[in-house]
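[1] Pasting the sequence and the predicted coordinates here, then a few questions.
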Amino acid sequence: MPDVPLATRRPQRADARRNYDALLAAAREIFAESSTDASLEEIARRAGVGIGTLYRNFPTRRDLFEAVYVEEINQLSAAALAVADQPPWQALRSWLDRFVQYVVTKRAVIDALNRDSELFTACRITMYAAGEPLMQRAREAGEVRPDASFDDMLRMISGLVSATFVDEEQRTRVIDFALDGIRARP
């Protein structure tokens with residue numbers, strides 16, 4: 001796993017860092033709720049800062065999209081480290097639960113990102129470096145089918161998360177059913 005998270009332009013002062021983090025959290029929530037067309041003023045309001053603070057940190061809407069995306073990837077990497085000491089299947093499943101949250105945010109901002117950009121490529125590499133070792137460990141423990149690839153699993157989960165569900169419980173059940181399909185059978 002990479003030792004250094006993807007770089008973002010985080011402010012140095014504690015109050016400025018709090019504002020930056022509040023803006024990212026508000027943007028992530030609002031983008032997931034209403035799309036990337038959401039009002040920047042609403043993001044600033046929900047973060048508890050003025051619009052000038054938003055523009056100081058994110059001069060363009062694209063800067064905000066990229067920062068939200070990078071933050072999601074960094075949190076996925078941190079989640080992999082946080083679960084690494086759990087039993088293999090439990091660690092993979094815990095990380096996948098966080099991956100589901102990432103997919104919701106990614107779905108909201110993906111069209112605003114350049115999929116051919118160096119940033120997007122670096123994010124993908126970082127995400128795979130974080131999660132793939134968890135799957136490999138589960139495979140080596142005999143918990144995952146040998147023919148299931150990490151990419152297969154991520155695509156399956158991404159596709160499922162894109163569907164509409166009655167509620168969160170139904171989505172969790174459907175994901176459980178799908179993940180049962182990659183479990184190794186005796």
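    Yep, it's here. Note that this is a predicted model, so its numbers are computed, not measured.
[2] per-residue pLDDT, the spatially most central residue of the chain?
    In the chain, the residue lying closest to the centroid (CA atoms, centre = their mean) is Y102, at 2.6 Å. Turning to Y102, the model gives it a pLDDT of 83.
[3] Please compute how far stretch 36-54 lies from its chain's middle.
    21 Å (CA atoms, centre = their mean, to the nearest Å).
[4] which ones are touching Q136?
    Shown in contact with Q136 (CB atoms under 8 Å, 6 or more residues apart in numbering): F150. The way it works is simple: take the backbone N, C-alpha and C, and place the C-beta from them, glycine included.
[5] can you tell me the helix or strand for it?
    helix 118-140 (DSSP states H and E).
[6] can you give me the helices for this protein?
    Under the criterion DSSP state H, the chain carries helices at the ranges 14-34, 40-47, 51-57, 61-83, 88-109, 118-140, 150-162, 168-180.
[7] re the thing from before, what degree of burial does the closest residue to the residue nearest to the centre of the chain other than its chain neighbours show, as a neighbour count?
    Leaving out its chain neighbours, the residue that sits closest to Y102 by CB to CB, 6 or more residues apart in numbering is E72, at 4.9 Å. E72 sits with 23 neighbouring residues when counted by other CB atoms under 10 Å.
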